[in-house]
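Undergrad: Sequence first, predicted coordinates after that:
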Amino acid sequence: MNARCIRAIIKKDTLMAIRNNLLLIALFGGVLFSLIYYALPSDVGESYELALFDEGSSEYLEILSIFGAGGLDIDDFDSLEELTVAIENGDYVAGIYMPDNFDQDIKSGNVPTISLYYKYDLPESVRMSIEYILESSLEYLVLGIEPVINSYEVLGEDMAGRQLPLRELSLPFYIIMALMMEMWTISTLIVEENALNTLKAVLVTPATPSDVITAKGVVGIGYSLIVVTVILLITQSLRGDAAALFVCVLLGAILSVSLGLFLGSLTKNITGSYIYVTVPYLVLVIPGLLLFFQDVSIPYIKIIPSYYLINALNDILNMGASLAGAAKDLLIVAVFDIVFFALGIFTLRRRYS
Amino acid sequence: MISVDGISYKYGDFLAVDNISFEVNKGEILGFLGPNGAGKSTTVKMLTGQFLPEKGSIEIMGYDVSKDPKKIHERIGVCFEEKNLYSRLSVRENLEFFASLFDIDADIDSLLKKIDLVKWADDKAENLSKGMQQRVMFARALINDPDILFLDEPTDGLDPISADSIRKIILSEKQKGKTIFLTTHNMSEADMLSDRVAFINEGKIVALDTPENLKLKLGKRVLKIRLSTDDGFKDESLMLDDPNTPQKAMDLLGSKKIATIHTQEATLDEVFIKLTGRKLEQ
């Protein structure tokens, strides 16, 4: 490889990417992600907000709260109609209607009746949790049976009371989105060289195919680092182990660039490259989406390279993991990097030679 | 400077170049002529190391193209037929980029002056006319002051004045001792610039000699006479090599009806047709 040729191509590609707005688009994406970050809630509601219409002013109401262990915030309503409107408006997770004869039924040993109201889109897991709390309370009131689960063990660090807000939880997702966008930058630079026939002119100079590929790789990695830094700065999220964060972002950038090199070698025109890049891009952001839906599991998710990148980013940014702590995931990303880079070089050299 | 020995190249089953051999000497311009699909571009690609010959060998300045392409690339300049400039870079940036690949401090302003594009130096290549782009590509081929120039249709798309100025630059490069491999469709250009011309047809070199020798050996020299008649004019063509021509010419001169008379030399086009049965533009 020829260092002066690589330098010259880097300079030229940087100028080209600035002039065709690739960098601007990437930076705009970074800023947009940061704005979405600020639009998300910065704290976590760890209790269920419930609406209550207690028709008979029950003296047992306090027991319901005790069984919720602080997990129930209950607001009183004066009528069932007001309660249902509040539920429909999404102001509360659920509504509880305690009829007039509730206390009387308990005192006479009968099973009391409680009606629950949910909005149509409430997840089943939340419904089941609320129902479990209320059923446990009623069993205690009527039968004097206390809940059998009276001890538990948290595996790993107990985050109760300081759960990650959606805002912080989403940060690795934006970084993955920004990193993977660089696939477009790289594949566009490669396809352009072919489409404009400029590669022919470059390859009859001292520059070799390896020089061209290396230069484009460096440009792509540079752009990725810039965009991720912008996101971290705007979101004020430059935190955690700096070395671990740098290695993680670098490996992610290499993954994106390697895929861009490979995908760029598969087509000869710009439109084709967009199509070739879009599908892998959508696949690669899926593991990031799972951060928002932690109770969803997707089979074979672990075959997607970005799954390990997301894990590492989440551990470093949100769990305070060190380089050693994130090493397992980073190592797997590095293996994917090597495989895709080799594949990209192989296909590009075949095309360029 | 260029030594080609029995090279061949196939695209699938199609034999594009079939066992051709030739040499180009230092300071010589070799015109490489042939119709579309004859194997010209494939030959240039092999000579410049873009394709490797499937058979035979090529030596450029003593280096084997297959083994030392980069040593050769340091000292050659290539002007491509298709437009291949970086469209979003300016004329100057395009030339500076290629100068930096050669790690040379090229005098871009002189080059721009030479191709008469000083005024457009800072314009993006995409905003230039086809002819201007062609001139930039020509300047790019000269950027490293190469020992050998490979010029593929260098005046294609240029207006007559620009084409003439490019031809003058080609001749001045020759005078500096540069070796030039010129591919062109333009017969008069080849005739004007080339020390020797090679005709390639269906992948084979069918003739290689100086333009004069080819025309003398293979062309027809004609005496063209226009006669005034009662109905206007009548043209007569007398072959100069025909033994009966002198007598026929004398008879016509005696008739006192001659309006114009001139000799017409053979052209390279006619030579090519005679050799291949095809026109060059086909």
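TA: In hand now; what should we look at?

Undergrad: C-alpha from now on. contacts and neighbour counts both.
TA: Noted.

Undergrad: Report all helices and strands that the host helix or strand of A:R167 contacts.
TA: If you go by DSSP states H and E, A:R167 is part of helix A:166-195. Judged by 3 or more C-alpha pairs under 8 Å, 6 or more residues apart in numbering or on different chains; DSSP states H and E, the packing partners of helix A:166-195 are helix A:3-19, helix A:22-39, helix A:209-234, helix A:242-264, helix A:270-289, helix A:305-318.

Undergrad: what do you get if the cut-off is 7 Å, keeping everything else the same?
TA: helix A:22-39, helix A:209-234, helix A:242-264, helix A:270-289, helix A:305-318 (3 or more C-alpha pairs under 7 Å, 6 or more residues apart in numbering or on different chains; DSSP states H and E).

Undergrad: how about these, which one is nearest chain B?
TA: helix A:209-234 (10.5 Å; C-alpha to the nearest C-alpha).

Undergrad: Around chain A, pick out the residues from the stretch 101-250 of chain B.
TA: B:L101, B:F102, B:D103 (C-alpha under 7 Å from any C-alpha of the partner chain).

Undergrad: ok, back up a step: what's the most buried one of the helices and strands packed on helix A:166-195?
TA: helix A:242-264 (a mean of 25; mean count of other C-alpha atoms under 10 Å in any protein chain shown).

Undergrad: Just the angle for it relative to helix A:166-195, thanks.
TA: Orientation of helix A:242-264 against helix A:166-195 (axes from the mean of the first three to the mean of the last three C-alpha atoms, to 10 degrees) gives an angle of 40 degrees.

Undergrad: what is the mean pLDDT for helix A:242-264?
TA: In this model, helix A:242-264 carries a mean pLDDT of 92.

Undergrad: does B:I205 sit in a helix or strand, and which one?
TA: strand B:204-209.

Undergrad: on that earlier part again, now that we have the residues of the stretch 101-250 of chain B next to chain A, can you turn them into CSV and tack on pLDDT and neighbour count?
TA: Output for those, formatted as CSV (pLDDT from 0 to 100; neighbours: other C-alpha atoms under 10 Å in any protein chain shown):
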residue, pLDDT, neighbour count
B:L101, 95, 22
B:F102, 94, 21
B:D103, 91, 16
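
Undergrad: what's the offset of the helix holding A:R167 from the middle of its chain?
TA: 15 Å (C-alpha atoms, centre = their mean, to the nearest Å).

Undergrad: just stretch A:135-147 next, same as before
TA: Worked out by C-alpha atoms, centre = their mean, stretch A:135-147 lies 40 Å from the chain centre.

Undergrad: just to revisit the earlier point, need the helices and strands packed on helix A:166-195 in a markdown table with distance to chain B, can you?
TA: Listed next are these as a markdown table, based on distance: least, C-alpha to the nearest C-alpha, whole Å:
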| stretch | distance to chain B |
| --- | --- |
| helix A:22-39 | 13 |
| helix A:209-234 | 11 |
| helix A:242-264 | 18 |
| helix A:270-289 | 15 |
| helix A:305-318 | 34 |
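
Undergrad: What about the residues of the stretch 101-250 of chain B next to chain A, which are in helices?
TA: Under the assignment DSSP state H, those contribute B:L101 to helices.

Undergrad: and the residues of the stretch 101-250 of chain B next to chain A as TSV, adding distance to A:L284?
TA: Listed next are these as TSV, based on distance: C-alpha to C-alpha, whole Å:
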residue	distance to A:L284
B:L101	36
B:F102	40
B:D103	41
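
Undergrad: Out of the residues of the stretch 101-250 of chain B next to chain A, the closest to chain A would be?
TA: B:L101 (4.9 Å).

Undergrad: Leaving out the residues flanking it, which one is nearest to the closest one?
TA: A:C5 (4.9 Å; C-alpha to C-alpha, 6 or more residues apart in numbering or on different chains).

Undergrad: Pop the domain breakdown of the chain in here.
TA: Just going to use chain A. Using automatic domain parsing, the domain ranges for chain A come out as A:3-41+A:164-352, A:48-143.

Undergrad: could you do chain B instead?
TA: Taken from automatic domain parsing, chain B resolves into B:2-210, B:220-265.

Undergrad: gap between B:F150 and B:A141?
TA: Here the criterion is C-alpha to C-alpha, to the nearest Å. By it, B:F150 lies 8 Å from B:A141.

Undergrad: Apologies, that question was intended for B:G56.
TA: Counting by C-alpha to C-alpha, the gap from B:G56 to B:A141 is 27 Å.

Undergrad: Between the two, which has more neighbouring residues?
TA: B:A141 (24 against 15; other C-alpha atoms under 10 Å in any protein chain shown).

Undergrad: check which helix or strand covers that one.
TA: Assigned by DSSP H and E, B:A141 falls in helix B:130-142.

Undergrad: which residues sit against that helix?
TA: Here helix B:130-142 makes contact (C-alpha atoms under 7 Å, 6 or more residues apart in numbering or on different chains) with B:G77, B:V78, B:C79, B:K83, B:V91, B:L95, B:L111, B:I115, B:A125, B:P154, B:G157, B:L158.

Undergrad: any idea of the pLDDT on the residue lying farthest from the centre of chain B?
TA: In chain B, the greatest distance from the average C-alpha position (C-alpha atoms, centre = their mean) is reached by B:D230, at 46.0 Å. Model confidence at B:D230, given as pLDDT, is 83.

Undergrad: Restrict stretch A:308-316 to CA atoms and write it as CSV.
TA: Provided in CSV are the C-alpha atoms of stretch A:308-316 (Å, rounded to 0.1, in the frame of the first residue of the first chain):
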residue,chain,number,x,y,z
TYR,A,308,-23.7,-7.6,20.4
LEU,A,309,-22.9,-4.0,19.7
ILE,A,310,-26.1,-2.9,21.3
ASN,A,311,-25.4,-5.0,24.3
ALA,A,312,-21.9,-3.6,24.7
LEU,A,313,-23.1,0.0,24.2
ASN,A,314,-25.9,-0.4,26.7
ASP,A,315,-23.5,-2.0,29.2
ILE,A,316,-20.9,0.7,28.8
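
Undergrad: Could you give the number of residues near residue 83?
TA: All of this is about chain A. 25.

Undergrad: look at chain B instead
TA: By other C-alpha under 10 Å, neighbour count at B:K83 equals 17.

Undergrad: Quickly note the distance from it to chain A.
TA: 8 Å (C-alpha to the nearest C-alpha, to the nearest Å).

Undergrad: what are the ranges of the helices in the stretch 101-250 of chain B?
TA: B:108-114, B:130-142, B:160-175, B:187-193, B:211-218, B:245-254 (DSSP state H, counting those that start in this stretch).

Undergrad: okay if I get the ones you listed as a markdown table plus mean pLDDT?
TA: Formatted as a markdown table, these follow (pLDDT from 0 to 100):
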| stretch | mean pLDDT |
| --- | --- |
| helix B:108-114 | 92 |
| helix B:130-142 | 91 |
| helix B:160-175 | 90 |
| helix B:187-193 | 89 |
| helix B:211-218 | 83 |
| helix B:245-254 | 83 |
